[in-house]
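> how does the following fold in three dimensions:
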Amino acid sequence: MTPTGLEPVTCPLGGGCSIQLSHGALGLDILVAQRHGLTNIKTAGVGRVHGLGQARRLAVSVDHGSLHQAKIVIPPKAPPPRRPLTLRDVSEASGVSEMTVSRVLRNRGDVSEGTRNKVLAAAKLLGYVPNKIAGALASQRVNLVAVIIPSLSNMVFPEVMNGISSVLDDTGLQPVVGVTKYSQAREEAVLYQMLSWRPSGVILAGLEHSDMARAMLENAGIPIVEIMDIDGPAVDCVVGISHRRAGREMAAAIVAAGYRRIGFLGTKMPEDHRARKRLEGLEEGLEEAGLAVADREFYSGGSALLKGREMTEAILARSPDLDFLYYSNDMIGAGGLLYCLEQGFDIPGKLGLAGFNGVELLDGLPRRLATMDACRFQIGQRAAQIIAGLGTDGLIGGERVELVPKLQLGDTIRKTQT
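Numbering: from 1, shown residues only. Just a heads-up that it's a prediction; the model follows:
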């Protein structure tokens, strides 16, 4: 009968014996039992299993004899410091020598296809990234900070970069930018190349990554700061806003102003996870008021004034009874506003509009589009401060910073009804 909480493990000597392991507060309890009993329990040590967090493995050998119960006490240990993976880690995981692993990762041709596939599979599973810094520099970091963002054409991210540069300019650290185009596959490739140069830290937009990208980040052994979004678990540190809360706050303003037929217009959907979360927050807020999004217009391309005009024309032709349009960003919102003014719509009396991000472009429009400031410059600043070790709270890793955007009603939402 196996005691409660014990995990059965097959005895390597056979003979009908069984071994049970359980993780206790003081260490590992081992209960050994078999038909004739056994003695001389020997442990072969404790080792860390890569890719399984703090999991451990215990090798046990036994000799047959009378029934015994033994307890092995392992003193509590602090988690090992984060470190980058090495060739030895890949070698152990793949069962191939370090020299062969090195040849595979340097793309040398004198390795069998089966061995090559085994090494590459192990490296991918671990999130291993080879070090391109050779010779005496191999154990050092360079003064580069990898900044990975989805777009440079979007007006949002240049201001984030300004915030990052405003901090790093006086630290000796230099930001280097990679663009993912909202593609997880592209993010993997950019991250792989940047980590191979052993930067001093990584700042990247968003919380959603492929399994391989997340493995590379978790095993990089350097500060990682995910930015723009706090709605989800982070690899290390995170600085951003709650996009779901932003959507709910916009829903509250729309309902308070008396609008009832709401349309949502978004680009890069569903790859733009932050826009998706704002839509989810909008839907939650409207549902509480007994309302729902009446129509949607999505476009997979980027943000542009012309696209905003085209999307607005399309959704209003399909649903002319809409009385409010919520855009996923200010660029398409500005194009929609220009289209509606040209068509003579009563704004904000009969038709309200709002965007998101609070970009400077809105200052030059005939009407001030309602929007929400996404705290872009401040996000860049705080992320760079974490990478440069300039934080004031004394935390080392795991820092979570939530900034609060401000709703700007502008001229495109009518005054709140009383």
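> please count neighbours and contacts with C-alpha atoms only from this point.
Will do.
> in stretch 359-377, what counts as buried?
Applying a neighbour-count criterion of 16 or more other C-alpha atoms under 10 Å, one finds 359, 362, 367-377 buried in stretch 359-377.
> secondary structure and pLDDT added to those residues, as CSV?
Formatted as CSV, the entries for the buried residues of stretch 359-377 read as follows, by DSSP: H, G, I helix; E, B strand; the rest coil; pLDDT from 0 to 100:
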residue, secondary structure, pLDDT
V359, coil, 87
L362, helix, 85
R367, coil, 93
R368, coil, 94
L369, coil, 96
A370, strand, 96
T371, strand, 96
M372, strand, 95
D373, strand, 91
A374, coil, 90
C375, coil, 94
R376, helix, 94
F377, helix, 95
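> what about the helices in the stretch 251-400 of the chain?
Assigned by DSSP state H, counting those that start in this stretch, the helices in the stretch 251-400 of the chain fall at 273-288, 305-318, 330-342, 376-387.
> could you dump those helices to a markdown table with distance to Q184?
Written out in a markdown table, the entries for these read as follows (distance: least, C-alpha to C-alpha, whole Å):
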| stretch | distance to Q184 |
| --- | --- |
| helix 273-288 | 12 |
| helix 305-318 | 24 |
| helix 330-342 | 24 |
| helix 376-387 | 21 |
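> which pair of the buried residues of stretch 359-377 spans the longest distance?
In these, two members sit farther apart than any others by C-alpha to C-alpha. They are R367 and F377, at 24.5 Å.
> would you confirm that L286 contacts A253?
No. Using C-alpha atoms under 8 Å, L286 makes no contact with A253, being 10.3 Å away.
> who's more crowded, these two?
L286 (22 against 18; other C-alpha atoms under 10 Å).
> can you report the mean pLDDT over the residues of the helix or strand harbouring I148?
Secondary structure assigned from DSSP states H and E places I148 in strand 144-149. Regarding strand 144-149, the rounded mean pLDDT is 96.
> ok, now stretch 239-254?
The average of the pLDDT scores along stretch 239-254 is 97.
> any low-confidence regions in the stretch 101-250 of the chain?
For the stretch 101-250 of the chain, the stretches with pLDDT under 70 are 108-109, 131-141.
> for it, what spans make up the helices?
Along the stretch 101-250 of the chain, the stretches classed as helices by DSSP H, counting those that start in this stretch are 113-126, 156-168, 184-195, 211-218, 243-256.
> just those: most buried one?
Taking mean count of other C-alpha atoms under 10 Å as the contact definition, the stretch among the helices of the stretch 101-250 of the chain with the greatest mean neighbour count is helix 243-256, which reaches a mean of 22.
> could you give the angle of that helix to helix 273-288?
Our comparison of helix 243-256 with helix 273-288, counting by axes from the mean of the first three to the mean of the last three C-alpha atoms, to 10 degrees, yields an angle of 40 degrees.
> show me what helix 243-256 is packed against.
The criterion is 3 or more C-alpha pairs under 8 Å, 6 or more residues apart in numbering; DSSP states H and E, and the helices and strands that helix 243-256 contacts are helix 273-288.
> send over the helix it packs on as CSV, restricted to the C-alpha atoms.
Taking only C-alpha atoms (Å, rounded to 0.1, in the frame of the first residue of the first chain), the coordinates of helix 273-288 have been written out as CSV:
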residue,chain,number,x,y,z
HIS,A,273,-3.1,42.0,-28.7
ARG,A,274,-3.4,45.3,-26.9
ALA,A,275,-6.1,46.5,-29.3
ARG,A,276,-7.9,43.1,-28.8
LYS,A,277,-7.8,43.6,-25.0
ARG,A,278,-9.3,47.1,-25.4
LEU,A,279,-12.1,45.7,-27.4
GLU,A,280,-12.7,43.0,-24.7
GLY,A,281,-12.8,45.7,-22.1
LEU,A,282,-15.2,47.8,-24.2
GLU,A,283,-17.5,44.7,-24.5
GLU,A,284,-17.4,44.1,-20.8
GLY,A,285,-18.3,47.7,-20.0
LEU,A,286,-21.1,47.8,-22.5
GLU,A,287,-22.5,44.5,-21.3
GLU,A,288,-22.8,45.9,-17.8
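> and the contacts of that helix?
Residues lying outside helix 273-288 but in contact with it, judged by C-alpha atoms under 8 Å, 6 or more residues apart in numbering, are 206, 208, 229, 243-252, 255, 264, 266, 269-270, 292-293, 328.
> pLDDT on that helix, on average?
Model confidence over helix 273-288, given as mean pLDDT, is 96.
> kindly report the same for stretch 297-311.
89.
> quick one: buried residues of it?
Along stretch 297-311, the positions that meet the burial threshold by neighbour count (16+ other C-alpha under 10 Å) are 297, 302-309, 311.
> which of those lies closest to D110?
Minimum separation from D110 among those (C-alpha to C-alpha) is found for G302, which lies at 44.8 Å.
> and S153, how many neighbours?
Neighbouring residues of S153 were enumerated by other C-alpha under 10 Å; the total is 12.
> now the phi/psi pair for it, please.
Here the main-chain torsion angles of S153 (degrees, to the nearest 10) amount to phi -80, psi -30.
> for it, give me its contacts.
Here S153 is in contact with no residue (C-alpha under 8 Å, 6+ apart).
> same question for the one 10 residues further on.
The contact partners of G163, taken as C-alpha under 8 Å, 6+ apart, are 376-381, 384.
> surely S210 meets A189?
No. Taking C-alpha under 8 Å as the contact criterion, S210 and A189 are not neighbours in contact, 11.1 Å apart.
> what's the closest non-adjacent residue to A220?
When the adjacent residues along the chain are set aside, A220 lies closest to P84, with 4.7 Å between them (C-alpha to C-alpha, 6 or more residues apart in numbering).
> wasn't that neighbour part of a helix?
No. Using DSSP: H, G, I helix; E, B strand; the rest coil, the secondary structure at P84 is coil, not a helix.
> what's the neighbour count on it?
By other C-alpha under 10 Å, neighbour count at P84 equals 19.
> repeat that for F345.
14.
> now it. Nearest residue, chain neighbours left out?
For F345, the spatially nearest residue (C-alpha to C-alpha, 6+ apart) is L351, at 6.9 Å.
> got a list of what that neighbour touches?
L351 makes contacts with 322-325, 345, as judged by C-alpha under 8 Å, 6+ apart.
> dump these to CSV, plus distance to Q193 and pLDDT.
Below are those laid out as CSV (distance: C-alpha to C-alpha, whole Å; pLDDT from 0 to 100):
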residue, distance to Q193, pLDDT
L322, 47, 98
D323, 48, 97
F324, 44, 98
L325, 41, 98
F345, 50, 97
